[in-house]
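Q: Could you work out the structure for the sequence below:
(one chain, ligands or ions: 2)
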Amino acid sequence: MSPIFIGITGASASGKSLLSATIYQELKEEVGAHHIGIIKEDSYYKDQSHMSMEERLKTNYDHPNAFDHHLLIEHLDQLGRGFHVDIPVYDYTEHTRASDTIDMEPRRVVIVEGILLLTDPDIRERLHTSIYIDTPLDICLVRRLQRDIESRGRSLESVISQYRQTVRPMFMQFVEPSKQFADLIVPRGGKNRVAIEMIKARIKQLLE
Ligand SMILES: Nc1ncnc2c1ncn2[C@@H]1O[C@H](COP(=O)(O)OP(=O)(O)O)[C@@H](O)[C@H]1O
Ligand SMILES: Nc1ccn([C@@H]2O[C@H](COP(=O)(O)O)[C@@H](O)[C@H]2O)c(=O)n1
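A: Numbering: from 1, shown residues only. Ligands and ions are numbered 1, 2, ... in the order given. Presented below is the predicted three-dimensional model:
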């Protein structure tokens, strides 16, 4: 049986991971842990191990060119044909792919989450339902500051500078306009209970 792909997108730190993890945790009780999985678009950032750290720091990580969407699409198709895939592991501190990968077996439901999913027509056409998390940008920035300093090895100055130079402009150019392709727009992010219940009901309906 071909998996059901659910896309979750929105600004950086809008709550994509939290919403995906909540749906995953709650649905796995009902459909079984082996039947549902999550793929992060971030895992498909291009490897930059051949570049100097100075060059890596200049990369625009919020532009579609930063991602290897070809590999992501290939993996969605392989899962669709019932094959295992080796998902890359991304290192935000080094800005490179780690040498190891994570084996993912075919699942009945695969949640795919990331900032630029809906900008790519080849990804859009593979998603059975797409969700855009609409969290105000100031809230996203505060969350990102905290997260990037605590867990992605960044300084306050670097987060602010990256936000001004690329994160916000690319959000305006690519992420926000991709909202038009979403089936559902969720305000406030990962703790919107009504949205979580609606998305779970939709997934269960698709599984029938
Ligand atoms: N609705 C919310 N209320 C409070 N904190 C939230 C909410 N949604 C997300 N967060 C927190 O904000 C941070 C970024 O959320 P995350 O889900 O990782 O964002 P994204 O995956 O979109 O980058 C995390 O620490 C997360 O726990
Ligand atoms: N080396 C990198 C790679 C990505 N980023 C930032 O991550 C953001 C996307 O991840 P979310 O979990 O926040 O959706 C994106 O906005 C990139 O700027 C980075 O800083 N460094």
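
Q: is the longest strand anywhere in the chain anywhere near ligand 2?
A: Scanning the chain for the strand with the most residues, using DSSP state E, yields strand 96-104. No - Strand 96-104 lies out of reach of ligand 2 by Cβ under 6 Å from any ligand atom, never closer than 8.2 Å. C-beta here means a position set from N, CA and C on the backbone, and glycine is covered the same way.

Q: mean confidence for that strand?
A: Average pLDDT, strand 96-104: 95.

Q: now stretch 168-179
A: 98.

Q: That one near ligand 2 at all?
A: No - Stretch 168-179 does not reach ligand 2 (Cβ under 6 Å from any ligand atom); its nearest approach is 7.6 Å.

Q: so what's residue 19 up against?
A: For residue 19, the contact set (Cβ atoms under 8 Å, 6 or more residues apart in numbering) comprises 8, 113, 131, 133, 186, 189, 190, 192, 195, 196, 199.

Q: do that again at 10 Å, thanks
A: 8, 10, 111, 113, 131, 133, 186, 189-192, 195-196, 199 (Cβ atoms under 10 Å, 6 or more residues apart in numbering).

Q: Check which helix or strand it maps to.
A: Assessed by DSSP states H and E, residue 19 sits inside helix 16-31.

Q: I'd like the next helix or strand past that helix.
A: Next along the chain after helix 16-31, taking DSSP H and E as the criterion, comes strand 36-40.

Q: pull the CA atoms of that next one into CSV?
A: Presented in CSV, the C-alpha positions along strand 36-40 are these (Å, rounded to 0.1, in the frame of the first residue of the first chain):
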residue,chain,number,x,y,z
ILE,A,36,3.7,6.3,10.9
GLY,A,37,6.9,8.2,10.5
ILE,A,38,8.3,11.8,10.1
ILE,A,39,10.7,13.1,7.4
LYS,A,40,12.3,16.5,7.9
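
Q: Fine by me, thanks again.
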